[in-house]
Structure formats: C-alpha cells, structure tokens
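Student: Provided below are the primary sequence and the corresponding predicted coordinates.
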Amino acid sequence: MTYLELALYALQQLARPAGASEIWEFIEQNRLYAELDSYNPEQGLPSIGKTPWDTFGAVLYVEAKKPDGKITAQGSRPKLFSLRQEISHISGSLKKLPLPENAVALPPAAQTQKARFHERDLHPLLCKFLAEHPVFAAQSRTIFHEKSGKNQKGADKWLYPDMVGVQFEYADYEHSSLQAWMRKFDRLPIKIFSFEIKKHLDFGNYKEYFFQAVSNSSWANEGYLVVLFMPQDGEFREALQKLSQSFGIGIILLNAANVSQSEILSPARHKKQTDYSVMHELAIKNPDFAHFLKTIAEYDHQNRHRFWAEFDKVKNDAEMTAYLAEKGIISDGKAETV
C-alpha cells in the first residue's frame, strides 16, 4: 500500500475534513501504517522512515494541488483535507482492509476544540494537580510572557516557562530549633519547579516541545513537560521517555476528566543547585517571575494563608468541573481529543 492509498482510506474512515497531523494520529493509533509496502514488522514503525508523518503530510499537500487529485484542501492553520468526492471503491488491499476491533476513532469536534480552548486554559488543571499530588505538594504561579520587557523578536522565545512552582519542604519540620539550625548551617529545603504546557504531543512536534522545556527549565531544580493529549502508541511513549532519561526533563500527562488521575509518566532528574544567572535574567525581564522569587523569600509557613493570593488559586472539585465545561475542555463528562 502507498502513502496516498493509506491517506484515502483514513479520510474515508474519518468521513470528515481533518488536518494532516490528525489523520496521521488516526493511522498511528490504529497501527494502519503496518499496511504500507515499506513496513517491516520486525523493525516496527522506524522501518518506514525517521519521519513518516512528514512524508504523509507531503503526500496530502501534493495530491490536493492536483486539478484531478482525489484529495481537496481547505482553510489554513490547520489546513483541512477531505476526499474530493465519495470513493465507492479503492484499489488494491485498501478495499478489504479492516480496522482493528478496538479501533480508536477521533471525535468529529477535534478541530473545533483546538479553537475553543488554549494552552493557558490548562494551567488550573496543573495547579490543582501540583497542590494535591504528594510528590509535588506545591504552590504554583502562571508566568505571563506578555508582561516581559520587549526584546529583539525571537530572542527570548524559549526563555520563559509557562508555570513555576515551589514545594516548601521545610514546612514539614515544625520544631523551631530544627528550623533555626537549618537556617544557620544549611539552607531551608525547598524545590523549585518549571513547567512547559502543551495541549497535544505527536511524532511531528514532540522533539520541538521537549527541547523547549529543556531550554526554559534549565534554571530550576526540576523541569517538566506537561501535556493533555498524546498518542497511546508504545513506540511514541518509548521515544519520549528516552529523551526524558537523557535530559532529565519529566513528563506529566494531564487527565481532564479526573485531574487527580493525571500521571507522572517520567519523573524529572533533581538538580541540587538552581541556576542563579538565568533566574536573574528572568527576574529582570518578567515581573511575574520576580514576584514569585520575592514570595518564596518572604513565605512564612506558620501564616501561609497570607500568601495564598500570591499563587494561582487551587480550584475545588465543583469549581473545576464548571471550569472544564466552560472552557470546552470536557464535554458530557469526557475529555475532548485535540
């Protein structure tokens, strides 16, 4: 089977316009790439090339430009592809190709959902998860990039994290004598976290997003890439975890339907020292980050209620349910797929 035949089949199964990455996700989740002529079952997905999704996307664009092509394209960012006309029969093995019994179907509203909510709308989900998960038990704050000082275009593209967090570990040590000892001979134990948040990861974007997290988390004790949706394919998870193990960036998979069930797919590698030079640059350029550092320095765990307003609000379960529905992140109690 050729890439074009596979594209025609996928579009026929989806029965609606879809973007190139979305069509490939459908193919990947249902392992339809195994029908490609170049696929070797012993080597798996790598047997059809390092970036088969790029090849697949190129095929869609080329076919859509042909006056007599079987695929048409409409719109932009994302460009949506569909069958030019109903195909009653498809040559070769496609006509007889069945979907797996457990086939994953992408919902009709997937592209609409992309426009309905933004990455920043996911911040309250992460905020709640960080506050309630015992591994973090952290207070967090959104860093508004737009508040940063003007600089040469693109110069600070990967400088600012989306969110930052802090765990006041010393608050667990209530005895005043121990805290006095730590202040004099050691340093108060805290952890500083940095988070890069994305709606969707796939083979086409995961490296770019991962290294964005590497770049803007270099200063923190621990850095994480946080995502709402990603392919369930084992090969994708393996590729992502290899990067995580190599560079020490953790991976969190959010669960919109039940935030408490969000997963730490890969823990971050802890660094004992923070990078003061980068922190200094961030504090100079962004008032949110400067205020975050000031709050940490002044924090009094015995009067912690006085500092609640300095961090993002942790929504209760009822507030979160209403928020998710309002933003269109979930519908009818189910998380939407992007």
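Tutor: On my side now, so go ahead.

Student: what's downstream of the least confident helix or strand in the chain by mean pLDDT, the next helix or strand?
Tutor: Using mean pLDDT, DSSP states H and E, helix 110-116 stands out as the lowest-scoring helix or strand of the chain, at a mean of 43. For helix 110-116, the following helix or strand on the C-terminal side (DSSP states H and E) is helix 123-132.

Student: Mean confidence (pLDDT) on that following helix, please.
Tutor: Helix 123-132 comes out with an average pLDDT of 96.

Student: Residues in contact with the helix or strand containing residue 228: which ones?
Tutor: Here residue 228, judged by DSSP H and E, is contained in strand 222-229. By C-beta atoms under 8 Å, 6 or more residues apart in numbering, the surrounding residues in contact with strand 222-229 are 122, 125-126, 161, 191-201, 209-210, 213-214, 216-217, 248-254, 256, 268-271, 329, 335, 337-338. C-beta coordinates here come from the backbone N, C-alpha and C atoms, glycine included.

Student: Buried residues in it, which are they?
Tutor: Buried residues in strand 222-229, counting neighbours by 16 or more other C-beta atoms under 10 Å, are found at 222, 223, 224, 225, 226, 227, 228, 229.

Student: separation between the second one and residue 232?
Tutor: The one in question is residue 223. 24 Å (C-beta to C-beta, to the nearest Å).

Student: likewise the first one?
Tutor: Separation of residue 222 from residue 232 (C-beta to C-beta): 26 Å.

Student: Between the two ends of stretch 209-229, how far is it?
Tutor: 13 Å (C-alpha to C-alpha, to the nearest Å).

Student: how far out from the middle of the chain is that stretch?
Tutor: When C-alpha coordinates are averaged (C-alpha atoms, centre = their mean, to the nearest Å), stretch 209-229 and its chain have centres 10 Å apart.

Student: how about the helices in this structure?
Tutor: 3-14, 20-29, 52-65, 110-116, 123-132, 176-185, 206-216, 234-247, 276-285, 287-298, 317-327 (DSSP state H).

Student: quick one: which of those helices has the weakest pLDDT on average?
Tutor: When the helices of the chain are compared by mean pLDDT, helix 110-116 comes last with a mean of 43.

Student: Next up, the contacts around residue 142.
Tutor: So residue 142 contacts 120, 123, 162, 163, 288, 312 (C-beta under 8 Å, 6+ apart).

Student: Bridging across strands, which residues link to it?
Tutor: Residue 142 has these beta-bridge partners by DSSP bridges: residue 163.

Student: how close does it get to residue 74?
Tutor: Applying C-beta to C-beta to residue 142 and residue 74 gives a distance of 35 Å.

Student: before we move on, what about residue 212?
Tutor: Relative to residue 74, and taking C-beta to C-beta, residue 212 is found at 30 Å.
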